[in-house]
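[1] Model the following, please.
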Amino acid sequence: MNALALASAALALLGPASTNDVRALKLALADERSAIALYEAALRTFGERTPFSNLVRAERTHAALVEATMERLGVP
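    Model prediction:
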């Protein structure tokens with residue numbers, strides 16, 4: 001289990017999200033989406049190749065974990 005998944009599980013066990021939790025989750029999701037856009041731009045420039053294709057896949061996984069945590073906690 002990666003650190004993001006572990007943090008997600010821990011937050012879900014702690015109950016309602018605090019204002020700081022909400023802020024951190026929204027910032028994390030924005031960061032993941034920004035990284036996806038950056039690596040997708042690199043793919044458009046350099047073609048479908050590693051490491052960019054691997055990085056896009058990893059960032060999408062991270063974003064999905066953050067989104068799932070937000071949903072579990074009722075964060076809009």
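[2] make it CA atoms for all contacts and neighbour counts henceforth
    OK.
[3] What is the longest helix anywhere in the chain packed up against?
    Using DSSP state H, we find that the single longest helix of the chain is helix 19-46. Counting contacts by 3 or more CA pairs under 8 Å, 6 or more residues apart in numbering; DSSP states H and E, helix 19-46 packs against helix 52-73.
[4] what packs against the helix it packs on?
    helix 3-13, helix 19-46.
[5] that older thread, would you indicate which residues of the longest helix of the chain are buried?
    Within helix 19-46, the residues that count as buried by 16 or more other CA atoms under 10 Å are 22, 25-26, 28-29, 32-33, 35-36, 39-40, 42-43.
[6] now it: how far from the chain's centre is it?
    Helix 19-46 sits 7 Å away from the centroid of its parent chain (CA atoms, centre = their mean, to the nearest Å).
[7] For the most centrally placed residue in the chain, give its distance to residue 45.
    Among the residues of the chain, the one closest to the centroid is residue 63, at 2.6 Å (CA atoms, centre = their mean). From residue 63 across to residue 45, the span is 23 Å (CA to CA, to the nearest Å).
[8] before we move on, what about residue 58?
    19 Å.
[9] circling back: tabulate the helices and strands packed on helix 52-73 in CSV, adding columns for mean pLDDT and distance to residue 71.
    CSV is the format used below for the helices and strands packed on helix 52-73 (pLDDT from 0 to 100; distance: least, CA to CA, whole Å):
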stretch, mean pLDDT, distance to residue 71
helix 3-13, 67, 10
helix 19-46, 96, 11
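[10] Could you dump those helices into JSON lines and include distance to residue 54?
    Conversion of the helices and strands packed on helix 52-73 to JSON lines gives the following (distance: least, CA to CA, whole Å):
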{"stretch": "helix 3-13", "distance to residue 54": "17"}
{"stretch": "helix 19-46", "distance to residue 54": "9"}
